[in-house]
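Asks: show me how the following folds:
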Amino acid sequence: MESKKIIVFDMDGVLTEEISSWRAIHRYFGVDNTKNLKDYMNGEIDYQEFMRRDIANWPNKTHIREIKKVLSDLKIIPHAKETIKTLRDKGYNKIGLVSAGLDILANRIGSYLSMDYVFANGLKTDKQGFLTGEGIYRVDLIRKDKVLKNLAEKLKISLSNFVAIGDSKYDISMLKAAGFAIAFNPKDEEIKKVADVIIEDNDIRKILNYL
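Replies: Next up, the predicted model:
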């Protein structure tokens, strides 16, 4: 196999046991974003508007510390730390996280796993820490490939040197952009069609058999 030195992971459902950090907050507040997601997937709204509408579902005067509390309860998948260490030992010297989820969780995971890059979305707050209703847009749910392309340009390397690991149809663009793609514990049939390797298991260590 051609040497590949950069690995990027999706977060929700790959590095965490929760399949969506946004969904965890919706569940906490008892709201449903199904219509918002449908409108976004149908191209009726862009991702910034999708975030804005999702946040609008939450109670008024929500403080960021309440969001942090919800996300602090989400667990990192077992064996993630040892898997990242083994990847380093194998020569993968750049490891990143690319998620349309929230940076509060992504930065915690990135720090815990000593990742080189963390790309995720955020929540705007006022000076007192209350949500303004606006999101901080960095990663588009179905266009994660843009992050890979920008990173490849920044590092002056080919996308063929990237390994991408995802679990859902929302990761398809990222997997298609990378030189080597792993569908890890896939939630959707669509992602299997673009993956070089399919791991029907939630043991993250299994990726090491192919890297």
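Asks: quick one: the strands in the protein?
Replies: Secondary structure of the chain (DSSP state E): strands at 6-9, 94-102, 117-125, 131-136, 162-166, 180-184, 197-199.
Asks: any idea which of those is most buried?
Replies: Among those, ranked by average contacts under mean count of other Cβ atoms under 10 Å, first place goes to strand 162-166 (a mean of 28). (Glycine included, C-beta is placed from N, CA and C.)
Asks: CA atoms only: put that one into CSV for me.
Replies: This file holds the C-alpha atoms of strand 162-166, laid out as CSV (Å, rounded to 0.1, in the frame of the first residue of the first chain):
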residue,chain,number,x,y,z
PHE,A,162,-4.8,11.2,3.3
VAL,A,163,-6.7,8.5,5.1
ALA,A,164,-10.3,9.4,6.0
ILE,A,165,-12.4,7.5,8.5
GLY,A,166,-16.1,8.1,8.8
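Asks: ok now it, how far from the chain's centre?
Replies: 11 Å (Cα atoms, centre = their mean, to the nearest Å).
Asks: can you list the strands that it pairs with?
Replies: Note on strand 162-166: by DSSP bridges, its sheet partners are strand 6-9 (parallel), strand 180-184 (parallel).
Asks: on that earlier part again, as TSV, the strands of the chain with mean pLDDT and distance to residue 19 would be great.
Replies: Output for the strands of the chain, formatted as TSV (pLDDT from 0 to 100; distance: least, Cβ to Cβ, whole Å):
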stretch	mean pLDDT	distance to residue 19
strand 6-9	96	14
strand 94-102	96	10
strand 117-125	97	15
strand 131-136	97	19
strand 162-166	97	12
strand 180-184	97	12
strand 197-199	97	16
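Asks: among the ones you listed, which is nearest residue 66?
Replies: Between residue 66 and these, the tightest spacing by Cβ to Cβ is seen for strand 131-136, at 9.1 Å.
Asks: pull up the pairing partners for the closest one, direction included.
Replies: Applying DSSP bridges, strand 131-136 is found paired with strand 117-125 (antiparallel).
Asks: give me the residues contacting the strand it pairs with.
Replies: 8, 11, 51, 55, 64, 67, 94-107, 109-110, 131-139, 147, 151 (Cβ atoms under 8 Å, 6 or more residues apart in numbering).
Asks: skip the chain neighbours and tell me the closest residue to residue 187.
Replies: residue 168 (4.7 Å; Cβ to Cβ, 6 or more residues apart in numbering).
Asks: ditto for residue 138
Replies: Excluding its sequence neighbours, the residue lying closest to residue 138 (Cβ to Cβ, 6+ apart) is residue 121, at 5.4 Å.
Asks: now swap in residue 170 and tell me
Replies: residue 141 (5.1 Å).
Asks: ok, residue 106 next?
Replies: Using Cβ to Cβ, 6+ apart and skipping the chain neighbours, the partner closest in space to residue 106 is residue 120 (3.6 Å).
Asks: for that neighbour, give its distance to residue 71.
Replies: Applying Cβ to Cβ, to the nearest Å, the value for residue 120 to residue 71 is 11 Å.
Asks: also residue 78?
Replies: Separation of residue 78 from residue 71 (Cβ to Cβ): 19 Å.
Asks: neighbour-wise, which of those two wins?
Replies: Between residue 78 and residue 71, counting by other Cβ atoms under 10 Å, residue 71 is the more crowded of the two (21 against 13).
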